[in-house]
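# give me a 3D structure for the following:
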Amino acid sequence: MSITIITAFFDIGRGNWSVENGHPSYLQRTTEKYFKYFSNLAQLENDMVIFTSTDHVEKIKTIRGNKPTTVIDICLDEKFHSCKKMIAEIQQSEDFKKNISTEQLKNPEYWSVEYVLINNLKSYFVKKAIKAGLVNSPLAAWVDFGYCRNLKTLNKIKVWDFSFSLEKVHFFSIRKIFTINEKSVNYAIFNNQPFIIGGVIVAAPEKWLSFSNLVYRCQIDLLNQNIVDDDQGIYLQALLKNPELFEIHYLGEDQWFDVFKKFDDQNNLSFTGRLKRMMRYFNV
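Now for the predicted structure:
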């Protein structure tokens, strides 16, 4: 099951989210740090489609070298100007802020327009890649540009593949139990309570298109309720609306970065399984 990886990077000024500027220390990440993280993900030989701004195109191509890569530049400010305006109006409204504790207001999903926009565009980018004919594998995966904080995250794999079901959208969770109902989803949104990670999602292209349409409906529903959130809240809404579309894989409590370790055919096959796989490959 070969997997095309789609990701994106846009500089939203996170390098300035420093303690000196009134932010918690864990929020600051420079552009250089993101590219350092990406250089780990870029070791994979999978096909990749990467969305970015014009000024980062050549750097991404250089990091990927001769590996199969398509880089697409896009100006988010032009294309999503009206979306950013709506997000800003909600974030600044007292009706929205009254639902969020003072402690949580420091987190970017409650004040950064660009952060909310970028995290809500993941399925849009995958859909765009599919519609452009850039996904020619049975499976496509969104993987965050900065998901691989170090090479250990890759678990020594060179090509990522895994026999995920083609009939489901595959989420990965860091909580074994989470009750999905309207009350619990709203609580998670307003209290920044994670369940599904947003860093990796896998599905067949056809299921990605269904998922993208569902995400869009969830986004509209939340906007109509004067609510915005990052990807995690939207995905909970999607799970609430259409649970049959999804399969949830448990990574472990707070094990955000174990997808490649736990879901890769090469590392999970027995010796006999690997031998059979090689025999199939060579038509033996």
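# contacts for the longest helix seen in the chain?
Assignment by DSSP state H gives helix 205-224 as the longest helix of the chain. For helix 205-224, contacts defined as Cβ atoms under 8 Å, 6 or more residues apart in numbering pick out 86, 90, 120, 123-124, 126-127, 130, 135, 140, 166-169, 201, 203, 228-229, 233-235, 237-238, 241-242, 245. Backbone N, C-alpha and C define where each C-beta goes, glycine included.
# in it, which residues are buried?
Of the residues in helix 205-224, those with enough neighbours to count as buried (16 or more other Cβ atoms under 10 Å) are Pro205, Lys207, Trp208, Leu209, Phe211, Ser212, Leu214, Val215, Tyr216, Cys218, Gln219, Leu222.
# out of the contacts of helix 205-224, which are inside helices?
Within the contacts of helix 205-224, membership in helices is found for 86, 90, 123-124, 126-127, 130, 233-235, 237-238, 241, as judged by DSSP H.
# these: which two are farthest apart?
When Cβ to Cβ is used, the two most widely separated members of those are Ile90 and Ile130, lying 29.5 Å apart.
# make a ChimeraX selection of whichever of the ones in helices among the contacts of helix 205-224 turn out to be buried.
This is how ChimeraX selects the buried members of the ones in helices among the contacts of helix 205-224, with burial counted by 16+ other Cβ under 10 Å:
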select :90,123,124,126,127,130,233,234,235,237,238
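# and the ones in helices among the contacts of helix 205-224, which is closest to Asn46?
The closest of these, once distances to Asn46 are taken by Cβ to Cβ, is Val126, at 14.1 Å.
# my read is that the closest one contacts Thr7, right?
No - applying Cβ atoms under 8 Å as the test, Val126 and Thr7 come out as separate, 9.6 Å apart.
# shared neighbours, those two?
Common neighbours of Val126 and Thr7, using Cβ under 8 Å, 6+ apart, are Trp142.
# for the residue nearest to Pro194 when sequence neighbours are not counted, list the residues it contacts.
Closest residue to Pro194 apart from its sequence neighbours, by Cβ to Cβ, 6 or more residues apart in numbering: Gln232 at 5.8 Å. By Cβ under 8 Å, 6+ apart, the residues touching Gln232 are Ala188, Pro194, Phe195, Ile196, Ile197, Gly198.
# output the residues you listed in CSV; the columns should cover distance to Pro68, secondary structure and neighbour count.
Putting these into CSV (distance: Cβ to Cβ, whole Å; DSSP: H, G, I helix; E, B strand; the rest coil; neighbours: other Cβ atoms under 10 Å) gives the following:
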residue, distance to Pro68, secondary structure, neighbour count
Ala188, 37, helix, 20
Pro194, 33, coil, 16
Phe195, 34, coil, 22
Ile196, 29, strand, 23
Ile197, 26, coil, 22
Gly198, 25, coil, 21
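# just give me the least confident of the residues you listed.
Among the contacts of Gln232, Pro194 has the lowest pLDDT, at 90.
# helices of this protein, start to end?
31-41, 57-64, 76-79, 81-92, 94-97, 113-119, 122-131, 182-191, 205-224, 231-241, 259-262, 265-268, 271-281.
# using JSON lines, please lay out those together with distance to Pro24.
Putting these into JSON lines (distance: least, Cβ to Cβ, whole Å) gives the following:
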{"stretch": "helix 31-41", "distance to Pro24": "16"}
{"stretch": "helix 57-64", "distance to Pro24": "28"}
{"stretch": "helix 76-79", "distance to Pro24": "25"}
{"stretch": "helix 81-92", "distance to Pro24": "18"}
{"stretch": "helix 94-97", "distance to Pro24": "18"}
{"stretch": "helix 113-119", "distance to Pro24": "14"}
{"stretch": "helix 122-131", "distance to Pro24": "24"}
{"stretch": "helix 182-191", "distance to Pro24": "16"}
{"stretch": "helix 205-224", "distance to Pro24": "25"}
{"stretch": "helix 231-241", "distance to Pro24": "18"}
{"stretch": "helix 259-262", "distance to Pro24": "26"}
{"stretch": "helix 265-268", "distance to Pro24": "35"}
{"stretch": "helix 271-281", "distance to Pro24": "45"}
